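Enquirer: For reference, the sequence and a predicted model appear below.
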Amino acid sequence: MNASPFKDPVIVHGSDCSYYTGKIEAYLRAKGIDYRLEMFTPLSMRRCVKNTGVRQIPQVECPDGTWLLDTTPTIAYLESVCPGPKLSPADPVVRFVSLLLEDYADEWLWRPAMHYRWSYRSTAKLMSAWLAEHLSTIPAPAALKRAYWLYRQPTWFVRRDGVTASTRAATEASYLESLQALEAIFEIRPFILGEIPTEADFGFFASMFRHFFSDPAPARIMRSTAPGVNEWVARMWNLRPELLTDQAPPTTLPERIEPLLEAVAHIYLPYLAANADAHNRGSKEVTYTVQNVQWREPVKPYRVRCLAELHGEFAKLDEARRAAVADALADPRAVQILEREPHASTPPPAPTLPLRAGSRNGRPLDSWWRTI
């Protein structure tokens, strides 16, 4: 069943071991949009940057020559133009909570996902060999290519992302607590908010599929402590439109999401606020305390924009619906963070999709939207 607005498959430039590539693949499969995964190479990434201005994966190349960038706005765009089952809740409160959970899963679980992949020696050796295949066009020994990934990934995405001896336990706790919360949910319903997947499911799937489900160390934990999550991962990968046509997105907030929202309110939103404050001061690093430990990491402009986007979505709600969200979060400080007006130095919003080929100007950005 092809529910794509395009007559030919889209091309997903990414990797079959990539966090966000798996997220967008699951969405495309759920919508019945034909696609072809093309493994990134240095040459293909230069082409992506030329057309979108950002060096990150995945990027979606459409048959009409346009491009889609960043999984969250890509899903929102495709929801607006594609037939088939609607996967974004129509109820404003449920939709906002879905987007909030997606953002938390997208951004905060990135750290434990990268930690489990690159801090555990056996997994790091396995994944460095896998990623070395993406450098097939570079004339260098395979051992040197593996060494490149063994240096780059743990340096940039573990040690320089705040994972230290003092924060390691808290890093792993975010994964373990997410497993516990999701396992309780999947005891009573098939997806996070109801009978059909929403943005929240695709957000959690990003880390749970290509990292926690697949990498040896976290996969053992998932199989032994959260078999329901293990089953949900497989169910998400097997999504097809015909399996969803008899279901509708949820219209009310369901039970058992409180632990996930507690993590958003007490951990993620305070981090976003600290990151935005540091960015507004012109700092290159942010220091903050959550989970009873102090973290120090680079400021990420992309996540400043994440907070601004959440603020914009929250501001669209009327007073009664904002109150409903506040009740669900059960933390006045979290609501205050969502209510804050973005600072003048906030990075510009995501580009309007689709992008015309070659339309991006200026110096390219990295995956955190820092100028390269």
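Expert: Looks like it arrived, so ask away.
Enquirer: Give me the pLDDT for Ser4.
Expert: For Ser4, the model assigns a pLDDT of 68.
Enquirer: typo on my end, it should be Pro190
Expert: Taking Pro190 on its own, its pLDDT is 98.
Enquirer: what's the answer for Thr167, then?
Expert: Reported pLDDT for Thr167: 98.
Enquirer: how about the strands of the protein, start to end?
Expert: Secondary structure of the chain (DSSP state E): strands at 10-14, 35-39, 59-61, 67-69, 285-290, 293-298.
Enquirer: highest average neighbour count across the ones you listed?
Expert: When you average the neighbours per residue for each of the strands of the chain (mean count of other Cβ atoms under 10 Å), strand 59-61 leads with a mean of 25. In short, each C-beta sits where N, CA and C put it, glycine included.
Enquirer: what does stretch 356-364 contact?
Expert: Here stretch 356-364 makes contact (Cβ atoms under 8 Å, 6 or more residues apart in numbering) with 49-55, 65-67, 351, 371-372.
Enquirer: My error: substitute stretch 184-202 in the last question.
Expert: 23, 26-27, 30, 71-72, 75, 85, 87-89, 94-95, 97-99, 101-102, 105, 182, 204, 228-229, 231-232, 235-236, 239, 244, 247-250, 253-257, 259-260.
Enquirer: which of those are buried?
Expert: For the contacts of stretch 184-202, a neighbour count by 16 or more other Cβ atoms under 10 Å gives the buried set as 23, 26-27, 30, 71-72, 75, 85, 87, 89, 94-95, 97-99, 101-102, 105, 182, 204, 228-229, 232, 236, 239, 244, 249-250, 253-254, 256-257, 260.
Enquirer: Now, those that are in helices?
Expert: Among those, the ones falling in helices (DSSP state H) are 23, 26-27, 30, 71-72, 75, 94-95, 97-99, 101-102, 105, 182, 204, 228-229, 232, 236, 260.
Enquirer: And the lowest mean pLDDT element among the helices and strands of this protein?
Expert: Across the helices and strands of the chain, mean pLDDT, DSSP states H and E gives its lowest value to helix 121-132, namely a mean of 88.
Enquirer: how much space between the residue nearest the centre of the chain and Tyr77?
Expert: Residue closest to the average C-alpha location in the chain (Cα atoms, centre = their mean): Asp106, at 2.5 Å. According to Cβ to Cβ, to the nearest Å, Asp106 stands 16 Å off from Tyr77.
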